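Trainee: Let's see this in three dimensions:
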Amino acid sequence: MKRQVLSSCRRLRTAREREHAAERFAERAVEAQEAERSRLSREIHDGIAQRLASLGFHLSAAERALPEHHPEALAQIMMARRLCELSAAETRAAIGGLRPPVLDDLGLSAALATLAREAGDGPGPSGVIDVTVTIEGELEDELPDHVQTALYRIAQEAVGNSLRHASATCVDLLLEHSFDRVRLRVTDDGNGFSVRDVLAQGLVRGVRPDCYGLRGMRERAELLGGRVAVKSRPGAGTAVEAVIPIPGLRAPGRPSRP
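Mentor: The predicted model follows:
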């Protein structure tokens, strides 16, 4: 009897050690991905963004130095300035997408609200898009950084797909906290698509290069012991749901994987 108890204790300890090792690996993997994104963000800021700012300064100087009665030259300079400003805005958006400061400063809920606001500010292919965020439930402690990052990236990809491909007029984000897991659900009222075709072919009629985005969302969740389910069909919109367990917590009687 004593040997059986000791054997059970050793198996339990081994299982816990393996679980902790898997959590540490997932955390390091997400941190490595985000470190690379941060590096790229800094390089873009210190390189391309600074050169665009300098270009804008020189174009303004050229406009002031231009003699009067040169309307064609002035028109070309003004066009160049508009292109420079557009490129600078796109560069700032790329920097923010690589590593949004609000995620570090205020956490996941605020980052999702910012994502929704920015997505709703610009008109989509079918006009103005209504993007909403709902937060349900509370946690005693904040989610680990790598879990927040993974959920934000999944939301970012799902919202981006809705804007780029779905011709949606409404996108809803739901973040739901429970005891041992977090659920993120992103739904839209867009065109919808065949999930099987997208995953199998990567391209549907040469229009939807979503395959890597869907697989990327699933890989992010699976790395943390979670899952992503995508439900869609042509003409019926799309729903993306990610469920990720909170490291170190497990509801009584539930398996470790959702």
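
Trainee: for the nearest residue to residue 181 once chain neighbours are set aside, phi and psi?
Mentor: Distance criterion Cβ to Cβ, 6 or more residues apart in numbering; nearest residue to residue 181, sequence neighbours excluded, is residue 245 at 4.8 Å. For the C-beta atoms, the positions are set from N, CA and C on the backbone; glycine is no exception. When read as degrees, to the nearest 10, the backbone of residue 245 gives phi -70, psi 150.

Trainee: so how many other residues sit close to residue 184?
Mentor: Residues lying near residue 184 (other Cβ atoms under 10 Å) number 25.

Trainee: Does it belong to a helix, a strand or coil?
Mentor: Judged by DSSP: H, G, I helix; E, B strand; the rest coil, the three-state class of residue 184 is strand.

Trainee: Mind telling me what element the closest residue in space to it that isn't next to it in sequence is part of?
Mentor: With sequence-adjacent residues excluded and distances taken as Cβ to Cβ, 6+ apart, residue 184 is closest to residue 242, at 4.5 Å. For residue 242, the host element (DSSP states H and E) is strand 238-245.

Trainee: What residues of that strand count as buried?
Mentor: By neighbour count on 16 or more other Cβ atoms under 10 Å, the buried set for strand 238-245 is 238, 239, 240, 241, 242, 243, 244, 245.

Trainee: coming back round to it: which ones are touching the residue nearest to residue 184?
Mentor: The contact partners of residue 242, taken as Cβ atoms under 8 Å, 6 or more residues apart in numbering, are 151, 154, 183, 184, 185, 217, 221, 226, 227, 228.

Trainee: so what pLDDT did it get?
Mentor: The model reports residue 242 with a pLDDT of 95.

Trainee: So in terms of bridging, what pairs with it?
Mentor: Taking DSSP bridges as the rule, residue 242 bridges to residue 184, residue 228.

Trainee: Can you pull out the low-pLDDT segments for the stretch 151-258 of the chain?
Mentor: Residues of the stretch 151-258 of the chain that meet the criterion pLDDT under 70 lie in 199-212, 248-258.

Trainee: which residues of it fall in strands?
Mentor: Ranges of strands in the stretch 151-258 of the chain, per DSSP state E, counting those that start in this stretch, are 170-177, 181-188, 227-232, 238-245.

Trainee: Of all the ones you listed, which one is nearest residue 66?
Mentor: Residue 66 sits nearest to strand 170-177 of all those, at 45.8 Å, using Cβ to Cβ.

Trainee: Show me the contact partners of the closest one.
Mentor: Outside strand 170-177, the residues within contact range by Cβ under 8 Å, 6+ apart are 108-109, 112, 115-116, 119, 129-139, 151, 155, 159, 162-163, 182-189.

Trainee: Could you report the separation of the nearest residue to residue 162 once chain neighbours are set aside from residue 234?
Mentor: Spatial nearest neighbour of residue 162, chain neighbours left out: residue 188 (4.1 Å); criterion: Cβ to Cβ, 6+ apart. According to Cβ to Cβ, to the nearest Å, residue 188 stands 14 Å off from residue 234.
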